[in-house]
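>>> Model the following, please.
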Amino acid sequence: TLTSCQKMQSEAKNEASEGQIVIEEIETETKAEDIQGLAEQGDAEAQFDLGWMYDIGEGVHQDYAKAAQWYIKSANQGFPEAQYNLGVMYREGEGVTQDYAEAIKWYTKAANQGLPEAEYDLGLMYTQGNGVDRDLSKALKWYTKAANQGYVIAQNDLAAMYYEGDGIEQDLSQSLKWYTEAADQEYAPAQANLGAIYYQGNGVIQDFSQALKWFGKAADQENTNAQYNLGVMYYMGHGVSRDFSRAFKWYTKAANQGYAPAQNNLGAMYRDGVGANQDNAQAKNWFGKACENGQQEGCNNYRKLNQN
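Presented below is the predicted three-dimensional model:
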């Protein structure tokens, strides 16, 4: 899945330490005055920092319009992080009128300076056709630039493009490469996708132990898809001893996060008394939730249980 953009943080914010509320507030107020002075003297980094402070309300009252004003001053001096954040503001309509063309303009300026966040978000704009004609070849170009800098979300989305053959020729070896790069950086969606590749044997020799490993890593980060797939592996005994109690555990974790296939399977376990005590009320509850979340099988199971 494609991920929406988030702004670059000011270095000033990263210096603040937790657990020192009073000291932090005093230091922030002093810092705001110092930064204001530098910003008014035309220092591009200080202008960016001041924009960020107004953006999040650190040491000043939050004010998106003032944030945008300071980002513009910094961006016009070529400061890439300000150019990027300004692009986000135009994309989201924060402090400025939403304008995808302006977002594209500022993303491009920052991306041309090699900022991976901007490279990725520019790729996203070309993928979605926001402010530009949809152009997957340009999306591929910008995702690749960001991915080559280790930007994990770009690596995952680039892998997905190669896996699906979306706008390019399908290349499962490239897909595997980029999913692995992102998974090794502990990015849960990529870990779940890598698990699925090994589970299905797409572009690799089917390997349930590798699938279990990657699903487990993603599931521990609360990835619902991975939790559900672990439930399937334990229920079916794929690469592990069949274990209904563990299947029940993982289905429950995914179901509690609203994942409809897990809710349906959990309902079936309660209905059949497998891995849990037989309980039609619980079965109906989970079938109903699955149905509400768009799982047709959950709707069918709910109706059948009601007829008995």
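>>> The closest residue to residue 108 other than its chain neighbours: what secondary structure?
For residue 108, ignoring the flanking residues on the chain, the nearest one in space by C-beta to C-beta, 6 or more residues apart in numbering is residue 122 at 6.2 Å. (Glycine included, C-beta is placed from N, CA and C.) State at residue 122, reduced to three classes by DSSP: H, G, I helix; E, B strand; the rest coil: helix.
>>> how about low-confidence regions in the chain?
Low-confidence segments of the chain, defined by pLDDT under 70: 1-30.
>>> can we see that at 80?
Scanning the chain for pLDDT under 80 picks out 1-32, 308.
>>> So what touches stretch 248-262?
By C-beta atoms under 8 Å, 6 or more residues apart in numbering, the surrounding residues in contact with stretch 248-262 are 219, 222, 224-225, 227-228, 230-231, 234-235, 263, 265-266, 269, 275-276, 286, 289-290, 293-295, 298.
>>> which residues does the residue nearest to residue 108 contact?
Each residue near residue 122 by C-beta under 8 Å, 6+ apart is listed here: 104, 107-108, 111, 142.
>>> could I get these as JSON lines with distance to residue 83?
Compiled in JSON lines, the contacts of residue 122 are given as follows (distance: C-beta to C-beta, whole Å):
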{"residue": "104", "distance to residue 83": "12"}
{"residue": "107", "distance to residue 83": "8"}
{"residue": "108", "distance to residue 83": "9"}
{"residue": "111", "distance to residue 83": "9"}
{"residue": "142", "distance to residue 83": "15"}
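>>> can you pick the most crowded of the residues you listed?
Comparing those by number of neighbours (other C-beta atoms under 10 Å), residue 107 comes first, having 30 neighbours.
>>> Secondary structure and distance to residue 241 added to the contacts of residue 122, as a markdown table?
Conversion of the contacts of residue 122 to a markdown table gives the following (DSSP: H, G, I helix; E, B strand; the rest coil; distance: C-beta to C-beta, whole Å):
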| residue | secondary structure | distance to residue 241 |
| --- | --- | --- |
| 104 | helix | 54 |
| 107 | helix | 51 |
| 108 | helix | 54 |
| 111 | helix | 50 |
| 142 | helix | 46 |
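>>> Among these, pick out the one closest to residue 153, please.
Looking at the contacts of residue 122 and their distance to residue 153, the nearest is residue 142, at 12.2 Å (C-beta to C-beta).
>>> Just the buried subset of the contacts of stretch 248-262, please.
Buried by 16 or more other C-beta atoms under 10 Å: 219, 224-225, 227-228, 230-231, 234-235, 263, 265-266, 269, 275-276, 286, 289-290, 293, 295, 298, out of these.
>>> so of the residues you listed, which ones are in helices?
Judged by DSSP state H, the subset of those located in helices is 219, 224-225, 227-228, 230-231, 234-235, 263, 265-266, 269, 286, 289-290, 298.
>>> hang on, the earlier thing: what's the spacing between the residue nearest to residue 108 and residue 43?
Remark: distance between residue 122 and residue 43 (C-beta to C-beta, to the nearest Å) = 27 Å.
>>> for the contacts of residue 122, which one is nearest residue 247?
Within the contacts of residue 122, proximity to residue 247 (C-beta to C-beta) peaks at residue 142, which comes in at 41.1 Å.
>>> Excluding sequence neighbours, find me the nearest residue to the closest one.
Spatially, and ignoring its direct neighbours in sequence, residue 142 is nearest to residue 123 (3.5 Å; C-beta to C-beta, 6+ apart).
>>> next one: residue 79
Excluding the flanking residues, the one nearest residue 79 by C-beta to C-beta, 6+ apart is residue 44, at 4.3 Å.
>>> tell me the phi and psi of the one you found?
Per-residue torsions, residue 44: phi -60, psi -40 (degrees, to the nearest 10).
>>> With residue 206 instead?
phi -60, psi 130.
>>> and it, what is it in contact with?
So, once contact is read as C-beta under 8 Å, 6+ apart, residue 206 ends up touching 198-200.
>>> Buried ones from those, can you make that a PyMOL selection?
Selecting the buried subset of the contacts of residue 206 in PyMOL, with 16+ other C-beta under 10 Å as the burial test, is done by:
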select buried, resi 198+199
